[in-house]
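Trainee: quick one, structure for this:
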Amino acid sequence: MKTYLCPYLRPAALATADMPALRGQRALRIAGIDILARDADARSSRGFDSATDHILTAAPAPLCGLALDRPRIMGIVNVTPDSFSDGGRFNSMAAALAQARRLVADGADILDIGGESTRPGAQDVPVDEEIARTAPLIRALRAEGLTHPISIDTRKAAVAAAALAAGADIVNDVSALTWDRDLAQVVADAGVPVCLMHAQGTPQTMQNHPEYADVRLDVYDWLMQAIARATDAGIAPQQIIVDPGIGFGKTIEHNLALLRDLPLLHMTGCAILLGASRKRFIGSISGVQDAADRVAGSLAVALAAASGGAQIIRVHDVAQTRQALSMWQALNIEYREPA
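Mentor: You can find the predicted model right below:
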């Protein structure tokens with residue numbers, strides 16, 4: 001794998017208000033730079049250098065009109081019978097519409113609609129079936145007057161094209177444009193944002209003994225290659241979001257390492273999406289077997305992601321995440337009472 005940056009630079013936040021803001025986020029200030037290298041003993045630190053570290057202070061472009069100066073909440077609508085947390089609960093049009101409305105009322109900034117589970121062991125869904133699950137729902141939400149950005153969670157060009165025609169604004173691809181090579185052209189032609197997620201293997205194989213030399217740096221390099229593929233296909237750099245792929249070909253230790261060093265991904269120059277809501281590693285660590293009962297653990301991870309500078313946090317439990325992030329922002333930005 002090609003190494004894109006050596007040493008690897010991880011911005012260290014939080015600090016006082018007179019420090020430079022991390023990627024335009026007022027709650028996060030760069031106190032210094034951690035220098036990572038593939039030799040685990042080579043980690044060191046230095047001060048912020050405005051001449052060389054400007055990529056860490058340049059704010060990401062707005063996403064579908066949303067400023068990314070604070071964490072944005074992406075609410076999950078799984079129109080599937082077999083998703084790991086809520087499979088089958090929103091598998092009808094009426095239930096999916098009701099859930100989408102509920103998430104918006106609870107404070108979601110973006111809706112992410114998916115018609116194919118990519119949990120470990122999940123089977124592929126035929127294209128026509130995935131389109132039938134997602135495009136009508138998107139069309140119905142737009143017909144109701146919903147103006148929030150809608151993301152289509154798919155690996156497939158035809159599904160993305162149908163969703164965009166129905167009114168979707170963003171493509172969220174867990175394969176980072178590797179599953180269906182035609183998807184990059186669909187995104188480029190539409191001129192819409194795309195989320196590139198790291199995964200090792202497929203849903204059928206990804207949890208079979210995942211291995212990395214250094215998961216943090218391997219994922220960073222892999223995402224830089226994915227960004228290069230996207231820009232080579234004509235996708236504008238400011239339209240690219242990156243996601244480290246928590247739980248996709250990772251052990252518990254891998255997930256924790258990626259979360260601890262999430263700020264490393266700011267060196268990509270892209271907005272960062274973090275999706276860990278209710279995932280198995282939270283249950284394994286906390287001893288909570290039922291995914292729906294992992295809300296508290298999911299909130300802990302969401303706040304860690306916010307502290308690492310993630311601009312988009314993908315969650316099932318929007319109301320609880322909104323409450324937690326409101327407190328996080330009040331603690332880290334000068335609080336002003338609502339008028």
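Trainee: strand partners of the helix or strand encompassing residue 242, parallel vs antiparallel please.
Mentor: Residue 242 is part of strand 240-243 when elements are defined by DSSP states H and E. Counting by DSSP bridges, the strands paired with strand 240-243 are strand 194-197 (parallel), strand 271-275 (parallel).
Trainee: most tightly surrounded among the ones you listed?
Mentor: strand 271-275 (a mean of 27; mean count of other C-beta atoms under 10 Å). Placement of C-beta: from N, CA and C, glycine included.
Trainee: show me which residues of the next helix or strand after that one are buried.
Mentor: Proceeding N to C from strand 271-275, the next assigned helix or strand is helix 280-286, under DSSP H and E. Taking 16 or more other C-beta atoms under 10 Å as the neighbour-count basis, helix 280-286 is seen to contain the buried residues 280, 281, 282, 283.
Trainee: for stretch 247-265, same thing?
Mentor: Across stretch 247-265, burial judged by 16+ other C-beta under 10 Å covers 247-251, 254-259, 261-265.
Trainee: how about stretch 216-234?
Mentor: Neighbour counts over stretch 216-234 (16+ other C-beta under 10 Å) mark 216-224, 226-227, 229-230, 233 as buried.
Trainee: which residues sit against it?
Mentor: Contacts to stretch 216-234, defined as C-beta atoms under 8 Å, 6 or more residues apart in numbering, come from residues 1-5, 8, 36, 38, 176-178, 184-185, 187-188, 194, 196, 198, 212, 237, 240, 242, 244-245, 257-258, 261, 264-265, 267-268, 270.
Trainee: for stretch 318-326, same thing?
Mentor: By C-beta under 8 Å, 6+ apart, the residues outside stretch 318-326 that reach it are 70-71, 73, 75, 103, 106-108, 295, 298-299, 302-303, 306, 313, 315.
Trainee: can you give me how far stretch 192-199 is from the chain middle?
Mentor: Distance, stretch centre to chain centre, for stretch 192-199: 8 Å (C-alpha atoms, centre = their mean, to the nearest Å).
Trainee: likewise for stretch 154-174?
Mentor: With C-alpha atoms, centre = their mean, you get 16 Å for stretch 154-174.
Trainee: measure that stretch end to end?
Mentor: Counting by C-alpha to C-alpha, to the nearest Å, you get 7 Å between the two ends of stretch 154-174.
Trainee: pull out the buried residues from that stretch.
Mentor: Buried residues in stretch 154-174 (16+ other C-beta under 10 Å): 154-164, 166-174.
Trainee: all set, thanks.
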